[in-house]
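*Asks:* Here you go, sequence then predicted model.
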Number of protein chains: 2
Amino acid sequence: MKVSCKRENILKALNSLSRVVTTSSTLPILGNVLVKTDQGRMKLSATDLEMGVNFWLGAKIEEEGEVTIPARIFVDYINNNSDENIDIGTDGQVVVVNSDHYSTKINGLAADEFPIIPRIKEEPVFEMMVETLQDAVSKVVFAASTGETNPTLAGVLFRSDKDNLKVVATDSYRLAERVIKLKKVLEKDLSVIVPTKTVAELNRMLSNSMGEVGVYVSDNQIMFRVDDMEIVSRLVEGNYPAYESIMPTGSVTRVVVGTKELLRDTKMAAVFSRETQKIKLMVDKDVGMLKSLSKGQTGENISKMEVEVEGASGEITFNTRYLSDVLAVVDSSKIILEMTDKLKPGLVKPLNDDLYRYIIMPVKD
Amino acid sequence: MKVSCKRENILKALNSLSRVVTTSSTLPILGNVLVKTDQGRMKLSATDLEMGVNFWLGAKIEEEGEVTIPARIFVDYINNNSDENIDIGTDGQVVVVNSDHYSTKINGLAADEFPIIPRIKEEPVFEMMVETLQDAVSKVVFAASTGETNPTLAGVLFRSDKDNLKVVATDSYRLAERVIKLKKVLEKDLSVIVPTKTVAELNRMLSNSMGEVGVYVSDNQIMFRVDDMEIVSRLVEGNYPAYESIMPTGSVTRVVVGTKELLRDTKMAAVFSRETQKIKLMVDKDVGMLKSLSKGQTGENISKMEVEVEGASGEITFNTRYLSDVLAVVDSSKIILEMTDKLKPGLVKPLNDDLYRYIIMPVKD
């Protein structure tokens, strides 16, 4: 192989790939990036066996070929180099890298050891603006479970329902749902669970992209493609819990409250309830006041905020993190907090946006 | 005690104090900040027994008194609060803190348990501009030893020599010396070793200050005072090594090289010599070239740079960190690298600045 390309393009590719790379003593090749010529361009790939990422970049190709390079040293090399162009060649498994100021040899591994990243050949199931999908995944992915107790919760549900696409995540203590309006009803109903790590990576990929994203689905794989980059991932097997049944219908107390202000008070509560991570929200309809109470070994705190209250007074206790997580991602300056009873789930949604809902299970105060 | 003051002032004080605070299970009071009324102002203090920091701030004092507050929770409380004014009162050892939106109680500890931070009553030994001292300590403190093998090296030497003040640090592998020109010869010769942690804290204090810094010395204590803040520290006992004898006199090879460029190449060398941390510098007089070579398990790299060479060709091998440390703090765009022999110390100094010298012991290549 003998290719030449701009350093800044390799840097961009490596930034996107390097989080997928894993250090595995049993399978050292997973610590490497596959560099391959591909129809007049260079293709860089990384995989952790569950998920693979491919990135194409423009290059002058003098000689076709492929090789794998340890990601850590490749990233460090490209970060410290400041020359404009990088020439990459191979001498067996040794990668010969040259630029104006540097003559470098990096010990690679044979490309044929690199796991195959499957690609989906079918047409996309749907396409949409990058911002639309990014907005949805960024508002739900943090609510997905990371644990192993229930594998289906360690992923994000993408489910079509007429001209809606529902993007849902829950760890059984809180649940986030974002509804995306599709341009048309899908030809075939979609219901897939995508691993949390894939969705987190998708979120980053989309936040660095523009234009349209295509979503491709096969039996057990999903592929997201933008511009010159694609993520391919296995799907999570199993049935997603019937979450609709726990969605509150109606409420006894309804408060409109500033998002930033409530986030600030939730963080303050976390300071004082470090051991229990509890925030007790007390709504007083008569004086239009929301008080949040927290206490622990170090002391106690009461925060006071004037709010608009509809319905009756009420109180509920949440885990501070479950509340602050949602307040950190909501765009609107005010949110609606709805509660029925201190033992029933509470609901947070942005003011004037019915397409996002976030449910939190209460805890004992 | 009952006082009121601006939140931003407390925040500034806590930022300066919080690094001194230590978490000690045997002496929990060291995790607290002492808050005390002091002649119409509030005084906040922290100590780790070796070093103490006092910070004064303006306050409305309704009732004199003192109390200690756990630093971690005080910092978190002040950071999360966004009200303008904070009222601090006491109810026994409970600290009662109020502001517009928050009513808070923090469990404190009795002030009389707080260790006394000694103060030096004598006149300052010298005073100088904050920038001058900060420049000096920032250029040497990183070279001080952190270990326990030789306690005198775990500090920075301040030694007067006629109208010079020499500020010196070494870990025996490299040595940094900054000479400050004094306005007048000191009344009494000065030679003290200040603990590295104190000097690191002094560096931060000075970088946030303006005007003059006064330096006060007693038998076994030193005090640095600016504006509304002072650091008091014990001195390191013992005699500083006679470092002048290892200072190179003259050189065989002398190179003028770009500071940033050499820093970049040193970082690149560190990428490839991760196991050995070695950079081999090779000066070729005939072509006016400095090559740096590094190699390890992952591969090898040669960096090339055009330079001005005086004297003969030569080569020397350094620890990459000892070289990059100095290149990161030098202000001038070019440095002079002098070497005599690959077994003798090399010298780095800024171009056109004879008051700073940095010696590096070579390693085997």
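*Replies:* That came through fine. Numbers count the residues shown, from 1 in each chain, chains lettered A, B, ... in the order given.
*Asks:* tell me the contacts of the closest residue to residue A:38 other than its chain neighbours?
*Replies:* Excluding its sequence neighbours, the residue lying closest to residue A:38 (C-beta to C-beta, 6 or more residues apart in numbering or on different chains) is residue A:56, at 6.7 Å. Bear in mind the C-beta positions are built from the backbone N, C-alpha and C, glycine included. Contact analysis of residue A:56 by C-beta atoms under 8 Å, 6 or more residues apart in numbering or on different chains lists A:38, A:41-44, A:228-229.
*Asks:* From the residues you listed, pick the one nearest chain B.
*Replies:* Closest to chain B out of these is residue A:44 (18.2 Å), distances taken as C-beta to the nearest C-beta.
*Asks:* and chain A, which residues reach chain B?
*Replies:* Taking C-beta under 8 Å from any C-beta of the partner chain as the criterion, chain A approaches chain B at residues A:70, A:73, A:76-77, A:80-82, A:94-95, A:101-107, A:264-265, A:267-268, A:271-272, A:297-305.
*Asks:* What segments of the stretch 251-365 of chain A are strands?
*Replies:* Shown for the stretch 251-365 of chain A, the strands assigned by DSSP state E, counting those that start in this stretch span residues A:253-258, A:278-284, A:289-296, A:299-306, A:308-311, A:314-319, A:334-339, A:346-350, A:356-360.
*Asks:* So what angle separates the directions of the third one and strand A:314-319?
*Replies:* Read it as strand A:289-296. 40 degrees (axes from the mean of the first three to the mean of the last three C-alpha atoms, to 10 degrees).
*Asks:* and strand A:289-296, what does it pack onto?
*Replies:* In terms of contacts (3 or more C-beta pairs under 8 Å, 6 or more residues apart in numbering or on different chains; DSSP states H and E), strand A:289-296 is packed against helix A:259-272, strand A:278-284, strand A:299-306.
*Asks:* Mean pLDDT added to these, as JSON lines?
*Replies:* As requested, those are arranged in JSON lines below (pLDDT from 0 to 100):
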{"stretch": "helix A:259-272", "mean pLDDT": "97"}
{"stretch": "strand A:278-284", "mean pLDDT": "98"}
{"stretch": "strand A:299-306", "mean pLDDT": "97"}
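*Asks:* Using TSV, lay out the ones you listed together with mean neighbour count.
*Replies:* Formatted as TSV, the helices and strands packed on strand A:289-296 follow (neighbours: other C-beta atoms under 10 Å in any protein chain shown):
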stretch	mean neighbour count
helix A:259-272	23
strand A:278-284	22
strand A:299-306	20
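*Asks:* looking at the ones you listed, which is closest to residue A:65?
*Replies:* Nearest to residue A:65, of all the helices and strands packed on strand A:289-296, is helix A:259-272, at 52.3 Å by C-beta to C-beta.
*Asks:* now what about that closest one, what contacts it?
*Replies:* Applying C-beta under 8 Å, 6+ apart, the set of residues contacting helix A:259-272 is A:277-279, A:290, A:292-296, A:298-301, A:303, A:305, A:320-321, A:323-324, A:327-328, A:330, A:332-335, A:337, A:350, B:73, B:76-77, B:80-82, B:101-102, B:104.
*Asks:* List buried members of these by neighbour count.
*Replies:* Neighbour counting over those (16 or more other C-beta atoms under 10 Å in any protein chain shown) leaves A:277-279, A:290, A:292-296, A:298-301, A:303, A:305, A:320, A:323-324, A:327, A:330, A:334-335, A:337, A:350, B:73, B:76-77, B:80-81, B:101-102, B:104 as the buried ones.
*Asks:* List the contacts of residue A:113.
*Replies:* Contacts of residue A:113 by C-beta under 8 Å, 6+ apart are A:29, A:68.
*Asks:* Look at the residue nearest the centre of chain A and tell me its secondary structure.
*Replies:* Taking C-alpha atoms, centre = their mean, the centroid of chain A lies closest to residue A:200, which sits 2.4 Å from it. For residue A:200, the assignment made with DSSP: H, G, I helix; E, B strand; the rest coil gives helix.
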